[in-house]
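Student: This is a predicted model, with the sequence first.
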Amino acid sequence: MAKELDLDWANLKFGYLPTDYNVRCYFRDGKWGEIEVSSSDTINMHMAATCLHYGQEAFEGLKAYRCKDGHIRVFRPEENAARLQSTCRGILMPELPTEKFVEMVKKVVLLNERFVPPYESGATLYVRPLLIGTSAQVGVHPATEYLFIIFVTPVGPYFKGGFATNNYVIARDHDRSAPLGTGIYKVGGNYAASLQANKWAHDQGYACEFYLDAKEKKYIDECGAANFFGIKNNTYVTPLSTSILPSITNKSLMQLAEDLGMKVERRQIPEEELETFEEAGACGTAAVISPIGEIDDPVMNKKYVIAKDGKPGPISEKLYKKLKAIQYGEEPDTHNWITIVK
Ligand code: PLP
Ligand code: COI
C-alpha cells in the first residue's frame, strides 16, 4: 500500500515536485520498444544527442483530475497524441502511435495515484510527455534514436488567484515564432524564444506577454503559453494564424460555445478589435480559462481595458464552469472527451 501523502495541496505552485515513477519508451532500429517504468528522474544521454544541439525536442501537456465520484479522469489525451504526431512530422521525429501514448498516460497516472490532488483542492496532476532525439549527430540531421518519456507532477494554478482577471502586455519587440516556422508545433525552441518577452512582461508586473503576428505586427497571435479568445455579440472569436499552437482547450471551448448557442469565428483579429470585445480570455491546459482584464501596448501608447469592472465576464465564467464540469465528470461527456483512468 502506497504511503499517504502530506502535501499542502491548496498551496501548490505550478512547479516540479518529484513523484514515484515515470514511463519511458525507446525508438531504436526503426521501431518503438516496450513501455518501461522508471523511478529515476534523470536520464543518461550522449552529449551529441540531437535534442541538445538541434532542438529535436517535443513536449505535450495535459492533466488528470480526481473527481467527486472517486474516478480519475484525463481530458482528450488522443488530441495530445495527435498534436505530438504533428510536431513529429514538423521536426522529423518518428510518430508515436496514439494507443501507445494513451496507454502510457493511463499507466503513469495510475502508478502515481497518490500524487493526484484531492477533489476541490484547486490542484491537479499535470502530465508532461516529452520526446527527444537521443543519438549522436554533428551534422544538422535528425537522430536515428529517440526517447519518449511521460512524467507527472502535482500542480496548483498557472496564474495566481485562479479564475480572476489578469493583465497582459504586447511584446512588439519579440516574436515567439515565424509565420512559416515552428509555432504550430510544441517544440522547446518556441519556449526558449519566449523567455525574454516573458521576463520583460513579468518584470513590469504583467501576468504574461502577448504576441502579435510576427510578419505584420497587426493581428493577435497568442497570450504567452495560451491561446486567445474574445467574446462579443454572442460570438466566440479566436485567431486563425500559422504561428500559434493549436490549443486543445481552445478547440474544446469552440465546441462548448457552439453548444451554448453562440457563433464561433476563427479568423485574423486586428489588434484594434480588442476595443470591441465584451470579454476576453487566455486558454490552455495550464491556464484553463484565464480571463483578461486589460492588454497594454506600451510601444504604441495604447491600452485596451476589456473587463471594465476588473471581473471575469459571464460568458467566460459559463464556459469555464462547463469545461470543468466535463473534466470532473459532473456533466455528461457528450463529445467523448474523457478517458477514465480509474
Ligand atoms: N499556446 C501555447 C504556446 C502553449 O504552450 C499552450 C499549452 O499547451 C497552449 C497554447 C494551450 O494549448 P492546450 O489547450 O492544448 O494546452
Ligand atoms: C500547457 O498548458 O500545458 C503548457 O504547455 C503551458 C506550459 C508551457 C507550462
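Tutor: Received it, and whenever you're ready, just let me know what you need. Ligands and ions are numbered 1, 2, ... in the order given.
Student: excluding its backbone neighbours, what's nearest the closest residue to ligand 2 within the stretch 51-200 of the chain?
Tutor: Distances between the stretch 51-200 of the chain and ligand 2 by Cβ to the nearest ligand atom are smallest at Gly61, namely 2.3 Å. Backbone N, C-alpha and C define where each C-beta goes, glycine included. Using Cβ to Cβ, 6 or more residues apart in numbering and skipping residues adjacent in sequence, the residue nearest Gly61 is Thr285, 4.7 Å away.
Student: Let me know the distance separating the most centrally placed residue in the chain from Val108.
Tutor: Residue closest to the average C-alpha location in the chain (Cα atoms, centre = their mean): Thr285, at 4.3 Å. Plainly put, Thr285 is 16 Å away from Val108 if you go by Cβ to Cβ, to the nearest Å.
Student: And His202, by the same measure?
Tutor: Distance, His202 to Val108, by Cβ to Cβ: 31 Å.
Student: So these two - more neighbours on which side?
Tutor: For His202 versus Val108, neighbours defined as other Cβ atoms under 10 Å are more numerous around Val108 (27 against 13).
Student: quick one, phi psi at the residue of the stretch 51-200 of the chain closest to ligand 2?
Tutor: Backbone geometry at Gly61, expressed as degrees, to the nearest 10, gives phi -150, psi 130.
Student: now do the one 5 residues further on
Tutor: Backbone torsions for Arg66, taken as degrees, to the nearest 10, come to phi -90, psi 120.
Student: what sits against the closest residue to it other than its chain neighbours?
Tutor: Nearest residue to Arg66, sequence neighbours excluded (Cβ to Cβ, 6+ apart): Val116, at 4.7 Å. Residues near Val116 by Cβ atoms under 8 Å, 6 or more residues apart in numbering: 64-66, 72, 109, 124-125, 154.
Student: ok, so what distance separates the nearest residue to Ser40 once chain neighbours are set aside from ligand 1?
Tutor: Once flanking residues are discounted, Ser40 sits nearest to Asn22: 8.0 Å by Cβ to Cβ, 6+ apart. Separation of Asn22 from ligand 1 (Cβ to the nearest ligand atom, to the nearest Å): 19 Å.
Student: before we move on, the earlier item: quick one: residues contacting the residue nearest to Gly61.
Tutor: Contact partners of Thr285, counting by Cβ under 8 Å, 6+ apart, are 61-63, 126, 248-249.
Student: What's the per-residue pLDDT of the residue nearest to the centre of the chain here?
Tutor: Thr285 carries a pLDDT score of 96 in this model.
Student: list the contacts for Glu216?
Tutor: For Glu216, the contact set (Cβ under 8 Å, 6+ apart) is empty.
Student: what's the burial count for the residue of the stretch 51-200 of the chain closest to ligand 2?
Tutor: Per other Cβ under 10 Å, the neighbour tally for Gly61 reads 16.
Student: Return, as residue ranges, the portions of the stretch 201-342 of the chain with sub-threshold pLDDT.
Tutor: Across the stretch 201-342 of the chain, nothing is flagged by pLDDT under 70.
Student: residues from it in reach of ligand 1?
Tutor: Selection of the stretch 201-342 of the chain residues close to ligand 1 by Cβ under 6 Å from any ligand atom yields 222, 225-227, 245, 247-250, 284-285.
Student: Okay then, goodbye and thanks.
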